[in-house]
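Asker: Build me a model:
(one chain, ligands or ions: 1)
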Amino acid sequence: MGTPRWSPHEELSKQEQFVVGRLKRTGKLFAFLRSQRHVLFDEAFQRELESMYRATGEGKVPVAPGLLAMVVVLQAYTGASDAEAVEHAILDARWQLVLDTAGRKRPAFSQGTLQAFRERLVAHDMDRRLLERTIEIARQTAAFDWKKLPRQLRVAIDSRPLVGAGRVEDTINLLAHAARKVLSCAAELSETSPARLAAKAGVPMLAHKSIKAALDIEWSAPAQKSSAIVTLVEQLDRLEAWVRRELAGEIDELPLSEHLATLAQLRAQDLDPEPPGGTPRIRKGVAEDRRVSVEDPDMRHGRKSKSKRFNGFKSHIAMDIDTDLILACAVMPANRPEEEGVPLLRDDLAIPAHDIRELFIDRGYIASADVQAMADAGRSVVGKPWAQPNGRFFPKSAFLIDIRRKVITCPNGKQRTFELGTTIQFTPSDCRQCPKRSGCTAGALDHGRQVRIAPDEPLQQKLRKEIASPAGREHLRERVVVEHRLAHLARKQGPRARYRGTRKNLFDVRRHAAVLNLETIQRVEERAAA
Ligand code: SF4
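Answerer: Next up is the predicted model:
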């Protein structure tokens with residue numbers, strides 16, 4: 001059986017006209033999708049979707065990929081789960097209007113079909129094509145008046161926190177959770193129950209549904225808490241030894257290998273590698289890149305601001321300032337610096353970098369090599385530079401930095417040459433005798449004032465110069481549209497990630513971005529028609 005093609009009829013039936021007539025105030029996108037479904041899922045795009053099945057020759061489905069892709073869009077628009085989507089397709093007139101499923105007595109697709117389709121979309125990166133497709137449609141939409149828009153794009157990038165879907169646990173629960181996964185997997189391979197295997201391996205505590213209840217100590221007593229971690233580590237050692245001995249042939253095979261690797265990762269990050277006397281104890285401080293959830297390996301601690309923390313991801317977008325269209329998306333673990341989002345967005349962009357005339361950034365992106373490359377290539381980079389406070393002493397901005405001559409001049413007129421990415425020190429004898437010393441440095445008399453010259457100093461200087469003028473500040477304020485766009489995305493998608501892992505959440509961000517783009521096209525068309 002070949003992959004079926006979605007061929008919904010174009011003419012509006014009387015019933016459909018009635019439903020469209022009701023969609024004037026809310027649910028407007030349903031009506032838009034009904035009118036545009038032939039364009040969005042034209043023959044060429046449906047062939048691309050079908051190629052996901054032809055690639056392996058496997059998994060031929062009885063449901064047209066075009067129809068399932070439209071369901072993915074509707075789910076993002078309405079927030080419907082797979083189970084709800086199945087029901088909406090046979091009970092909700094608005095879904096039926098878009099999916100062409102009116103009058104059907106049986107569901108057009110199942111939950112399993114939807115899940116498998118989503119996995120296939122992700123595996124073939126077709127969620128990216130779905131977002132691109134909305135941009136292609138916008139480019140064919142005369143209402144945008146492309147002739148009046150700049151030929152080269154003005155792109156703004158920014159990010160927002162996405163709280164992870166996995167459970168975040170403390171060290172004891174995290175280790176016990178990972179051990180329970182090993183135990184359950186080993187029990188399945190041994191064709192027994194976890195409780196029986198735990199008894200056999202001498203780790204009864206790990207079969208308990210709450211490790212803290214099983215340890216049964218006074219958690220506010222430091223000595224008891226220390227002994228609890230020792231007991232837990234003994235149980236972990238025993239379990240691992242049993243598995244390696246009894247299931248030697250399976251330890252390198254999935255899924256057991258993955259569960260063992262998770263347990264090893266958590267032990268390495270949360271336990272002191274060199275405890276005094278060899279007695280296990282929890283590591284002091286936080287390990288770099290610490291995993292915070294057993295169920296979601298990609299979630300990390302992140303910061304919304306200096307004081308506000310969250311666990312999960314950061315989702316980045318790149319948008320065209322002049323059309324409001326989202327062009328690219330990226331999702332990263334929350335602990336990764338902003339600048340790492342830029343290459344991901346660059347790879348996601350369906351347009352070459354030389355088509356970008358201006359790039360509006362948040363200062364977190366300044367350190368990106370891509371941003372620097374754009375500035376070097378003569379593109380305009382617009383953003384706030386880093387502030388340079390220095391307490392009661394002269395800030396860096398009090399020094400004259402001549403990038404061309406690579407000379408820095410201090411407030412007392414003393415000069416030093418520099419290289420980018422280095423820290424220079426003024427001559428100690430100059431600083432010692434300087435009448436401005438008290439306002440410049442509190443260092444020892446045999447030390448001169450130090451100034452760090454950043455690798456991206458030329459760009460920072462340019463940004464500083466720009467925001468010093470009213471025209472420059474007004475130009476910078478154009479960036480606010482990306483913040484509004486992120487707020488729209490947050491309202492649609494919610495503050496929490498729907499899925500586990502960066503890739504699935506990237507899919508979710510992309511499909512919500514596609515919906516926002518479609519709403520933008522609809523709005524522009526409405527405005528042009530008014
Ligand atoms: S203390 Fe040194 S660096 Fe600072 S103004 Fe005086 S001479 Fe210049």
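
Asker: In the stretch 1-150 of the chain, which residue sits nearest the ligand?
Answerer: residue 150 (44.9 Å; CB to the nearest ligand atom). Placement of C-beta: from N, CA and C, glycine included.

Asker: Verify the stated contact: that residue with residue 322.
Answerer: Yes: Residue 150 lies in contact with residue 322 (CB atoms under 8 Å); the separation is 6.3 Å.

Asker: out of those two, which sits in the more crowded spot?
Answerer: residue 322 (16 against 12; other CB atoms under 10 Å).

Asker: Give the helix, strand or coil label for the more buried one.
Answerer: coil (DSSP: H, G, I helix; E, B strand; the rest coil).

Asker: which residue sits closest to it in space, ignoring its chain neighbours?
Answerer: Computed as CB to CB, 6 or more residues apart in numbering, the closest residue to residue 322 that is not its neighbour in sequence is residue 149, at 5.0 Å.

Asker: For the one you found, give me the pLDDT.
Answerer: Each residue has a pLDDT score; the one for residue 149 is 74.

Asker: burial of the nearest residue to residue 343 once chain neighbours are set aside, as a residue count?
Answerer: In this structure, residue 343 finds its nearest non-sequential neighbour in residue 370, 5.7 Å apart by CB to CB, 6+ apart. Applying other CB under 10 Å, we find 17 residues neighbouring residue 370.

Asker: Could you pull up the mean pLDDT of the helix or strand containing residue 370?
Answerer: Using DSSP states H and E, residue 370 maps to helix 369-376. Averaging pLDDT along helix 369-376 gives 91.

Asker: The ligand contacts on this protein?
Answerer: Listed as neighbours of the ligand in the chain under the rule CB under 6 Å from any ligand atom: 410-412, 414, 426, 430-431, 434, 436-437, 440-441, 448-449.

Asker: and the gap between the residue most central in space within the chain and residue 434?
Answerer: The chain has residue 331 as the residue nearest its centroid, 2.0 Å off, counting by CA atoms, centre = their mean. Separation of residue 331 from residue 434 (CB to CB, to the nearest Å): 51 Å.

Asker: now swap in residue 249 and tell me
Answerer: According to CB to CB, residue 249 stands 75 Å off from residue 434.

Asker: Compare these two (neighbour count), which wins?
Answerer: With neighbours defined as other CB under 10 Å, residue 249 and residue 434 compare such that residue 434 has more, 20 against 8.

Asker: wait, isn't the more buried one in contact with residue 440?
Answerer: Yes: when contacts are counted by CB under 8 Å, residue 434 is listed as touching residue 440 (6.9 Å).

Asker: what's the burial count for the residue nearest to residue 322?
Answerer: 13.

Asker: Residue 323 is in contact with that one, correct?
Answerer: Yes: if you go by CB under 8 Å, residue 149 and residue 323 touch, sitting 6.8 Å apart.

Asker: can you list residues touching both of residue 434 and residue 440?
Answerer: Shared contacts of residue 434 and residue 440 (CB atoms under 8 Å, 6 or more residues apart in numbering): residue 412.

Asker: quick one: the helices in the stretch 251-400 of the chain?
Answerer: Assigned by DSSP state H, counting those that start in this stretch, the helices in the stretch 251-400 of the chain fall at 256-270, 341-348, 369-376.

Asker: Give me the contact list for the longest one.
Answerer: What it means is helix 256-270. 171, 174-175, 178-179, 181-182, 185-186, 189, 233, 236, 240, 243, 247, 250-251, 282-283, 287, 289-291, 294, 297.

Asker: Show the buried residues in those.
Answerer: 171, 174-175, 178-179, 181-182, 185-186, 189, 233, 236, 240, 243, 247, 250-251, 283, 290-291, 294, 297 (16 or more other CB atoms under 10 Å).

Asker: Spit out the contact partners of the closest residue to residue 325 other than its chain neighbours.
Answerer: Spatial nearest neighbour of residue 325, excluding adjacent residues (CB to CB, 6+ apart): residue 517 at 5.2 Å. Shown in contact with residue 517 (CB under 8 Å, 6+ apart): 131, 134, 135, 138, 325, 326.

Asker: buried residues in the helix holding residue 370?
Answerer: With burial defined by 16+ other CB under 10 Å, the residues of helix 369-376 counted as buried are 370, 371, 372, 374, 375.

Asker: same check, this time on stretch 518-530
Answerer: Neighbour count says stretch 518-530 has 518, 519, 520, 521, 522, 524, 525 buried, by 16+ other CB under 10 Å.

Asker: Quick check, residue 160 in contact with residue 314.
Answerer: Yes: counting by CB under 8 Å, residue 160 does reach residue 314; the two are 7.1 Å apart.

Asker: more crowded one of these two?
Answerer: residue 314 (26 against 19).

Asker: Let's see the pLDDT reported for residue 104.
Answerer: pLDDT at residue 104 comes out at 85.

Asker: For residue 357, see how far away the residue nearest to the centre of the chain is.
Answerer: 27 Å.

Asker: Thought residue 446 was touching residue 428, still the case?
Answerer: Yes: counting by CB under 8 Å, residue 428 does reach residue 446; the two are 5.2 Å apart.

Asker: When the two are compared, which one has more neighbours?
Answerer: Using other CB under 10 Å, the more surrounded residue of residue 428 and residue 446 is residue 428, with 15 against 9.

Asker: measure residue 482 to residue 289 for me?
Answerer: Distance from residue 482 to residue 289, by CB to CB: 28 Å.

Asker: for residue 252, same thing?
Answerer: For residue 252, the distance to residue 289 - CB to CB - is 25 Å.

Asker: Also residue 327?
Answerer: 30 Å.

Asker: how many other residues sit next to residue 285?
Answerer: 7.

Asker: hmm, I was thinking of residue 32
Answerer: Residue 32: 21 neighbours (other CB under 10 Å).

Asker: Next up, the contacts around the residue lying closest to it once chain neighbours are set aside.
Answerer: Distances taken as CB to CB, 6+ apart place residue 522 nearest to residue 32, at 4.2 Å, with adjacent residues excluded. Taking CB under 8 Å, 6+ apart, we find residue 522 in contact with 28, 29, 32.

Asker: now the helices: where do they sit in the stretch 51-200 of the chain?
Answerer: 65-78, 82-91, 93-99, 111-123, 126-139, 171-189, 194-201.

Asker: Just send the ones you listed back as a markdown table, with mean pLDDT too.
Answerer: Shown next, in a markdown table, are the helices of the stretch 51-200 of the chain (pLDDT from 0 to 100):
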| stretch | mean pLDDT |
| --- | --- |
| helix 65-78 | 97 |
| helix 82-91 | 96 |
| helix 93-99 | 96 |
| helix 111-123 | 96 |
| helix 126-139 | 95 |
| helix 171-189 | 97 |
| helix 194-201 | 96 |
